[in-house]
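Enquirer: below: sequence and its predicted model.
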Amino acid sequence: MILVPSAKRCITPMKLYTYPNGKNAAKSLVAAQLVGVKIELPPFQMGVTNKTPEFLAKKNPHGKVPVLELDDGRCIFESNAIARYVARLGGDSAKLFGTSTWDLGQVEMWIDVSTNEIDAPLNSWVLPIKGVWPKDAAKEKAAQEAVRKGLAVLEKHLMTHTYLVGDTVTLADIVCVCNLFPGFTVPGVFDANFRKGFPNTTRYFTTVVNQPAFKKVLGEAKLC
Ligand SMILES: N[C@@H](CCC(=O)N[C@@H](CS)C(=O)NCC(=O)O)C(=O)O
(Lines give C-alpha, C1' and ligand atoms only; values in the text may rest on other atoms or scores of the structure.)
Protein backbone atom coordinates (compact mmCIF):
# COMPACT_ATOMS: atom_id res chain seq x y z
CA MET A 1 0.00 0.00 0.00
CA ILE A 2 1.45 3.39 -0.99
CA LEU A 3 0.79 5.76 1.90
CA VAL A 4 3.32 8.48 1.38
CA PRO A 5 3.88 10.06 -2.03
CA SER A 6 7.37 9.27 -3.25
CA ALA A 7 9.60 12.21 -4.06
CA LYS A 8 11.22 12.37 -7.49
CA ARG A 9 14.52 10.50 -7.62
CA CYS A 10 17.35 12.93 -8.35
CA ILE A 11 19.75 12.08 -11.17
CA THR A 12 22.59 14.33 -9.99
CA PRO A 13 23.50 13.25 -6.46
CA MET A 14 22.15 15.45 -3.72
CA LYS A 15 24.61 17.15 -1.38
CA LEU A 16 24.45 17.06 2.40
CA TYR A 17 26.22 19.92 4.14
CA THR A 18 27.47 18.71 7.51
CA TYR A 19 30.52 18.16 9.68
CA PRO A 20 31.97 14.61 10.01
CA ASN A 21 30.18 12.04 12.17
CA GLY A 22 27.21 14.21 13.10
CA LYS A 23 24.31 12.14 14.44
CA ASN A 24 21.77 14.54 12.88
CA ALA A 25 23.28 14.09 9.42
CA ALA A 26 23.45 10.33 10.03
CA LYS A 27 19.64 10.11 10.03
CA SER A 28 19.35 10.89 6.32
CA LEU A 29 22.59 9.08 5.41
CA VAL A 30 21.30 5.82 6.96
CA ALA A 31 17.93 6.31 5.25
CA ALA A 32 19.78 6.86 1.95
CA GLN A 33 21.64 3.56 2.43
CA LEU A 34 18.38 1.71 3.01
CA VAL A 35 16.46 3.18 0.06
CA GLY A 36 19.42 3.18 -2.34
CA VAL A 37 19.89 6.91 -2.83
CA LYS A 38 23.27 8.57 -3.36
CA ILE A 39 24.18 11.61 -1.27
CA GLU A 40 27.48 13.48 -1.62
CA LEU A 41 29.22 15.21 1.27
CA PRO A 42 30.80 18.41 -0.09
CA PRO A 43 33.76 20.04 1.67
CA PHE A 44 32.43 21.75 4.80
CA GLN A 45 34.06 23.64 7.67
CA MET A 46 31.87 23.99 10.73
CA GLY A 47 31.50 27.60 11.89
CA VAL A 48 32.90 28.88 8.58
CA THR A 49 30.97 27.39 5.64
CA ASN A 50 27.65 27.66 7.51
CA LYS A 51 28.20 31.34 8.35
CA THR A 52 28.93 32.61 4.85
CA PRO A 53 26.41 35.03 3.30
CA GLU A 54 25.87 32.50 0.48
CA PHE A 55 25.04 29.70 2.96
CA LEU A 56 22.70 31.94 4.98
CA ALA A 57 20.95 33.22 1.87
CA LYS A 58 20.61 30.00 -0.09
CA LYS A 59 20.99 27.03 2.26
CA ASN A 60 19.80 27.70 5.79
CA PRO A 61 19.09 31.18 7.21
CA HIS A 62 19.68 29.74 10.72
CA GLY A 63 23.29 28.98 9.77
CA LYS A 64 22.90 25.39 10.99
CA VAL A 65 23.53 21.96 9.55
CA PRO A 66 22.65 19.47 8.22
CA VAL A 67 21.30 20.97 5.00
CA LEU A 68 20.30 18.88 1.98
CA GLU A 69 20.81 20.49 -1.42
CA LEU A 70 18.79 18.93 -4.25
CA ASP A 71 20.09 18.55 -7.80
CA ASP A 72 18.37 21.81 -8.78
CA GLY A 73 19.89 23.81 -5.90
CA ARG A 74 16.82 23.91 -3.66
CA CYS A 75 17.60 23.17 -0.01
CA ILE A 76 15.94 21.46 2.94
CA PHE A 77 17.09 22.02 6.53
CA GLU A 78 16.17 20.30 9.84
CA SER A 79 17.53 16.78 10.09
CA ASN A 80 14.18 15.03 10.59
CA ALA A 81 12.67 16.81 7.57
CA ILE A 82 15.71 15.82 5.49
CA ALA A 83 15.48 12.21 6.69
CA ARG A 84 11.76 12.05 5.84
CA TYR A 85 12.45 13.44 2.36
CA VAL A 86 15.28 11.01 1.66
CA ALA A 87 13.31 8.06 3.02
CA ARG A 88 10.57 8.77 0.46
CA LEU A 89 12.97 8.84 -2.49
CA GLY A 90 13.33 5.08 -2.80
CA GLY A 91 9.97 4.62 -4.51
CA ASP A 92 8.77 2.05 -1.96
CA SER A 93 7.11 4.22 0.68
CA ALA A 94 6.27 1.16 2.79
CA LYS A 95 9.94 0.41 3.31
CA LEU A 96 10.67 2.97 6.03
CA PHE A 97 7.15 4.15 6.96
CA GLY A 98 5.43 0.81 7.71
CA THR A 99 2.65 -0.91 5.80
CA SER A 100 -0.53 0.78 7.09
CA THR A 101 -1.86 4.20 8.04
CA TRP A 102 -1.54 3.13 11.69
CA ASP A 103 2.14 2.25 11.15
CA LEU A 104 2.74 5.62 9.51
CA GLY A 105 1.19 7.38 12.52
CA GLN A 106 3.35 5.32 14.86
CA VAL A 107 6.51 6.04 12.87
CA GLU A 108 5.79 9.77 13.03
CA MET A 109 4.94 9.51 16.73
CA TRP A 110 8.22 7.82 17.66
CA ILE A 111 10.22 10.27 15.54
CA ASP A 112 8.71 13.08 17.60
CA VAL A 113 9.02 11.23 20.92
CA SER A 114 12.70 10.51 20.41
CA THR A 115 13.32 14.08 19.28
CA ASN A 116 11.38 15.89 22.00
CA GLU A 117 11.66 13.55 24.98
CA ILE A 118 15.16 12.13 24.43
CA ASP A 119 17.28 14.17 22.00
CA ALA A 120 16.41 17.58 23.45
CA PRO A 121 17.40 16.81 27.08
CA LEU A 122 20.27 14.52 25.97
CA ASN A 123 21.87 17.49 24.19
CA SER A 124 21.89 19.38 27.49
CA TRP A 125 23.69 16.41 29.07
CA VAL A 126 26.17 15.55 26.28
CA LEU A 127 27.13 18.92 24.81
CA PRO A 128 28.62 20.34 28.05
CA ILE A 129 30.68 17.12 28.39
CA LYS A 130 31.93 17.61 24.81
CA GLY A 131 32.76 21.24 25.61
CA VAL A 132 30.26 22.56 23.03
CA TRP A 133 27.98 24.15 25.65
CA PRO A 134 29.10 25.70 28.97
CA LYS A 135 28.83 23.51 32.06
CA ASP A 136 25.89 24.12 34.39
CA ALA A 137 25.45 21.45 37.08
CA ALA A 138 21.79 22.24 37.82
CA LYS A 139 20.81 22.19 34.13
CA GLU A 140 22.70 18.94 33.57
CA LYS A 141 20.99 17.26 36.54
CA ALA A 142 17.58 18.33 35.21
CA ALA A 143 18.55 17.10 31.74
CA GLN A 144 19.59 13.71 33.13
CA GLU A 145 16.26 13.34 34.91
CA ALA A 146 14.39 14.27 31.73
CA VAL A 147 16.40 11.74 29.69
CA ARG A 148 15.61 9.02 32.26
CA LYS A 149 11.90 9.82 31.97
CA GLY A 150 12.02 9.69 28.17
CA LEU A 151 13.99 6.45 28.19
CA ALA A 152 11.56 4.85 30.68
CA VAL A 153 8.79 5.14 28.08
CA LEU A 154 11.01 3.68 25.37
CA GLU A 155 12.15 0.92 27.71
CA LYS A 156 8.58 -0.18 28.40
CA HIS A 157 7.68 -0.23 24.69
CA LEU A 158 10.81 -2.20 23.84
CA MET A 159 10.02 -4.85 26.44
CA THR A 160 7.63 -6.37 23.87
CA HIS A 161 8.96 -4.95 20.58
CA THR A 162 12.19 -5.55 18.66
CA TYR A 163 11.73 -2.40 16.58
CA LEU A 164 9.66 0.68 17.37
CA VAL A 165 7.05 -0.07 14.69
CA GLY A 166 6.37 -3.43 13.02
CA ASP A 167 8.96 -6.12 12.43
CA THR A 168 11.59 -4.23 10.45
CA VAL A 169 13.61 -1.02 10.70
CA THR A 170 11.59 2.10 9.95
CA LEU A 171 12.50 5.77 9.90
CA ALA A 172 11.47 5.86 13.58
CA ASP A 173 14.34 3.50 14.44
CA ILE A 174 16.77 5.49 12.29
CA VAL A 175 15.94 8.78 14.02
CA CYS A 176 15.74 7.23 17.48
CA VAL A 177 19.03 5.29 17.25
CA CYS A 178 20.85 8.33 15.84
CA ASN A 179 19.45 10.39 18.72
CA LEU A 180 20.54 7.74 21.25
CA PHE A 181 24.02 7.40 19.71
CA PRO A 182 25.79 10.11 21.76
CA GLY A 183 24.19 8.79 24.96
CA PHE A 184 25.53 5.28 24.41
CA THR A 185 28.95 6.28 23.09
CA VAL A 186 30.13 9.52 24.73
CA PRO A 187 32.16 8.57 27.84
CA GLY A 188 30.32 9.24 31.09
CA VAL A 189 26.80 9.36 29.67
CA PHE A 190 24.90 6.01 29.45
CA ASP A 191 27.67 4.14 31.28
CA ALA A 192 27.46 0.46 32.34
CA ASN A 193 25.69 1.33 35.57
CA PHE A 194 23.15 3.57 33.81
CA ARG A 195 22.53 0.89 31.18
CA LYS A 196 21.54 -1.63 33.88
CA GLY A 197 18.32 0.37 34.32
CA PHE A 198 17.54 0.21 30.58
CA PRO A 199 18.26 -3.35 29.34
CA ASN A 200 15.62 -3.32 26.57
CA THR A 201 16.79 0.03 25.24
CA THR A 202 20.41 -1.17 25.31
CA ARG A 203 19.49 -4.39 23.47
CA TYR A 204 17.48 -2.35 20.93
CA PHE A 205 20.31 0.13 20.37
CA THR A 206 22.95 -2.56 19.86
CA THR A 207 20.65 -4.62 17.60
CA VAL A 208 19.91 -1.69 15.30
CA VAL A 209 23.22 0.15 15.36
CA ASN A 210 25.08 -3.01 14.31
CA GLN A 211 23.06 -3.44 11.12
CA PRO A 212 25.15 -2.76 7.97
CA ALA A 213 23.45 0.50 6.89
CA PHE A 214 23.97 2.00 10.36
CA LYS A 215 27.53 0.72 10.71
CA LYS A 216 28.46 2.16 7.33
CA VAL A 217 27.36 5.64 8.42
CA LEU A 218 27.95 5.67 12.18
CA GLY A 219 30.95 3.32 12.35
CA GLU A 220 31.54 0.93 15.23
CA ALA A 221 29.39 1.91 18.21
CA LYS A 222 31.60 1.23 21.20
CA LEU A 223 29.41 1.48 24.30
CA CYS A 224 30.81 3.99 26.80
N1 LIG B 1 17.01 20.79 14.93
C2 LIG B 1 18.14 20.93 14.03
C3 LIG B 1 19.39 21.21 14.84
C4 LIG B 1 20.48 21.78 13.97
C5 LIG B 1 21.67 22.19 14.79
O6 LIG B 1 21.53 22.67 15.93
N7 LIG B 1 22.84 22.05 14.19
C8 LIG B 1 24.05 22.44 14.86
C9 LIG B 1 25.06 21.33 14.79
S10 LIG B 1 24.47 19.86 15.55
C11 LIG B 1 24.63 23.63 14.14
O12 LIG B 1 24.68 23.65 12.93
N13 LIG B 1 25.08 24.63 14.87
C14 LIG B 1 25.72 25.76 14.31
C15 LIG B 1 25.36 27.01 15.01
O16 LIG B 1 24.45 26.98 15.86
O17 LIG B 1 25.99 28.02 14.70
C18 LIG B 1 18.27 19.65 13.19
O19 LIG B 1 17.79 18.60 13.64
O20 LIG B 1 18.82 19.71 12.09
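Expert: Looks like it arrived, so ask away.
Enquirer: check what pLDDT the residue located most distally from the centre of the chain gets.
Expert: Relative to the centre of the chain, the most outlying C-alpha is that of Pro53, 27.5 Å out, by Cα atoms, centre = their mean. If you check Pro53, the pLDDT there is 98.
Enquirer: and what of Phe205?
Expert: 98.
Enquirer: touching, it and Asp173? I think so.
Expert: No: checked against Cβ atoms under 8 Å, the pair Phe205 and Asp173 is beyond contact range at 9.9 Å. No exception for glycine: its C-beta is placed from N, CA and C like everyone else's.
Enquirer: quick one, which of the two is more surrounded?
Expert: Using other Cβ atoms under 10 Å as the criterion, Phe205 and Asp173 rank with Asp173 on top: 28 against 25.
Enquirer: quick check: phi and psi at the more buried one.
Expert: phi -70, psi -40 (degrees, to the nearest 10).
Enquirer: for it, give me its contacts.
Expert: 163-165, 208 (Cβ atoms under 8 Å, 6 or more residues apart in numbering).
Enquirer: how about a cut-off of 7 Å?
Expert: Each residue near Asp173 by Cβ atoms under 7 Å, 6 or more residues apart in numbering is listed here: 163-164, 208.
Enquirer: with pLDDT as added columns, please give these in a markdown table.
Expert: Formatted as a markdown table, the contacts of Asp173 follow (pLDDT from 0 to 100):
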| residue | pLDDT |
| --- | --- |
| Tyr163 | 98 |
| Leu164 | 98 |
| Val208 | 98 |
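Enquirer: columns secondary structure and distance to Thr18 on top of those residues, output as CSV?
Expert: Converted to CSV, the contacts of Asp173 look like this (DSSP: H, G, I helix; E, B strand; the rest coil; distance: Cβ to Cβ, whole Å):
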residue, secondary structure, distance to Thr18
Tyr163, coil, 26
Leu164, coil, 24
Val208, helix, 21
